[in-house]
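S.K.: Below: sequence and its predicted model.
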Amino acid sequence: MKIAKLIIGDINRLTGGYLYERKLVEYLKVKGIDIEVDVISIQEAPYPYILHLFSNLSLILRFFRRGYDFVLEDEMAHPALFLFNFWLRYVKRTKIVVIVHLLWWKAAKGRKAHFVRYVEKIMLKSAHLIIANSKHTKEEIEGMGIPGEFIEVVYPGFDMPSAGKRGMVRAPHGGINLLSVAICDPRKGLDTLLEAIHPLNNKHPEMKLDVVGDDSIDPAYSKRLKERVSAWGLEEKVIFHGVVGLEDLRKFYSEADIFVLPSLYEPFGIVFAEAMSFELPIIATNVGGIPELVEDKGNGFLVPPGDVDSLADAIDKLASDAELRERFGRRSYEKSRKLNTWEDCGESILKYLQQIEEVGERRGI
């Protein structure tokens, strides 16, 4: 089985979607001598969305003399693929599987969203199979007019083995450690988080927030967040650590008391699964695929996106009640033991590829 893995940009980028793609490639490469995987990156062009459409011709030229049984595509590259896929399917007779982490049109604004949705739908309808990263993502794809029978849900895994924290000492300074793991992007709601913890400073003077994640994605947004922290005099209590290694990340999870990430939109959220495996109570928003991981008043609190008061109230309740943190944390750990490993994720996708290979096309356009 010869497979081309198409990705936009650098597959080593530190986000959940790119981690999913890397783990899938690693799994397929070690599954036997009959599987060959080529990773092909589509350059991220520094020009408007519509000009990405011209990459379709470039890809046709690149694949003209290449032969693959499957092309696995990251849906985020869709403007460079939607015409290429018709050529790939009907001229090259290649099977196409699209992996959807996030639908572009959901993040687009104004009239542009309608155009992006149109292009995205054409690209998705050219696939033989669509892999969604959550039930919520599948429902959104179905809402675009794609039949559910051609969409499979394969949840991501996570990288934190044997992560249970029973008996570990947390918050060595005697206060409450909040942890947020996310890229500094407006979609993650970190501005809402800062607004929520600011008024709690007097009631919980020993509360501390660690923000771990790439802060170079949106430099202007990152700068605004840090300026706000400085203006409030919270530099010693709100610390932006940027990108950290795996061992340092484990340490942050181990020393945290509460995991909080008030995303405005989150199709799944691997970091929630990681935090749950460290027995952390979760504070998140009731959006996207998050409720598939976080049970309101079960292993955490779910609040409306952008609601500063509700977020502050949830933080206050958990910060004030050690028994509640412990109960939610135990439930988090129990739920994490039932989640996918990366082995499970790769095995499921390989199974679907083998099914398509055996029975041929699963659908037409």
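M.R.: Now that the structure is in, tell me what you want to look at.
S.K.: Now do the host helix or strand of L353: everything it contacts.
M.R.: Here L353 sits within helix 342-359, counting by DSSP states H and E. Residues outside helix 342-359 that contact it (Cβ atoms under 8 Å, 6 or more residues apart in numbering): 1, 3, 20, 23-24, 26-28, 31, 69-70, 95, 97, 128-129, 131, 152, 154-159, 362. C-beta: built from backbone N, CA, C; applies to glycine.
S.K.: For my notes, confirm H198 occurs in a helix.
M.R.: Yes. Judged by DSSP: H, G, I helix; E, B strand; the rest coil, H198 forms part of a helix.
S.K.: Please name the residues that touch it.
M.R.: 232, 234.
S.K.: Could you measure from it over to G17?
M.R.: Separation of H198 from G17 (Cβ to Cβ, to the nearest Å): 31 Å.
S.K.: Could you pull out the buried residues of the helix holding L353?
M.R.: 342, 345-346, 349-350, 352-353, 356 (16 or more other Cβ atoms under 10 Å).
S.K.: Going along the chain, name the strands of the chain.
M.R.: 2-8, 36-42, 70-74, 95-100, 129-132, 151-153, 177-181, 208-212, 238-242, 258-261, 282-285, 300-303 (DSSP state E).
S.K.: just checking, which of those strands comes out with the lowest mean pLDDT?
M.R.: Mean pLDDT across these is lowest at strand 36-42; the value there is a mean of 81.
S.K.: for that strand, packing partners?
M.R.: If contacts are counted by 3 or more Cβ pairs under 8 Å, 6 or more residues apart in numbering; DSSP states H and E, strand 36-42 sits against strand 2-8, helix 16-29, helix 55-63.
S.K.: can you do 10 Å?
M.R.: strand 2-8, helix 16-29, helix 55-63, strand 70-74 (3 or more Cβ pairs under 10 Å, 6 or more residues apart in numbering; DSSP states H and E).
S.K.: Let me see the mean pLDDT of the longest one.
M.R.: Averaging pLDDT along helix 16-29 gives 86.
S.K.: Over to the third one?
M.R.: What helix 55-63 shows for mean pLDDT is 82.
S.K.: what comes up buried for that helix?
M.R.: 55-56, 59, 63.
S.K.: what does that helix contact?
M.R.: 4, 6, 8, 40, 42-43, 45, 71, 77, 79-88, 91-92, 94 (Cβ atoms under 10 Å, 6 or more residues apart in numbering).
S.K.: Out of these, list just those in helices.
M.R.: 82-88 (DSSP state H).
S.K.: Out of the residues you listed, which comes closest to R228?
M.R.: F82 (40.1 Å; Cβ to Cβ).
S.K.: Got the confidence number for that closest one?
M.R.: 82.
S.K.: Can you report how many residues lie near V37?
M.R.: For V37, the count of nearby residues is 19 (other Cβ atoms under 10 Å).
S.K.: From the domain annotation, what segments belong to each domain of this protein?
M.R.: 2-156+341-359, 177-336 (automatic domain parsing).
S.K.: Endpoints of the last one, how far apart?
M.R.: When the termini of domain 177-336 are compared using Cα to Cα, to the nearest Å, they are 21 Å apart.
S.K.: ok, which stretches of the stretch 101-250 of the chain are helices?
M.R.: 104-107, 111-125, 135-142, 190-197, 219-231, 246-255 (DSSP state H, counting those that start in this stretch).
S.K.: Counting by contacts, list what the shortest one packs against.
M.R.: It refers to helix 104-107. Using 3+ Cβ pairs under 10 Å, 6+ apart, helix 104-107 sits against helix 111-125, helix 135-142.
S.K.: go on, the third one?
M.R.: Packing partners of helix 135-142 (3+ Cβ pairs under 10 Å, 6+ apart): strand 95-100, helix 104-107, helix 111-125, strand 129-132, strand 151-153.
S.K.: Mind doing that once more with 7 Å?
M.R.: Applying 3 or more Cβ pairs under 7 Å, 6 or more residues apart in numbering; DSSP states H and E, one finds that helix 135-142 contacts strand 129-132, strand 151-153.
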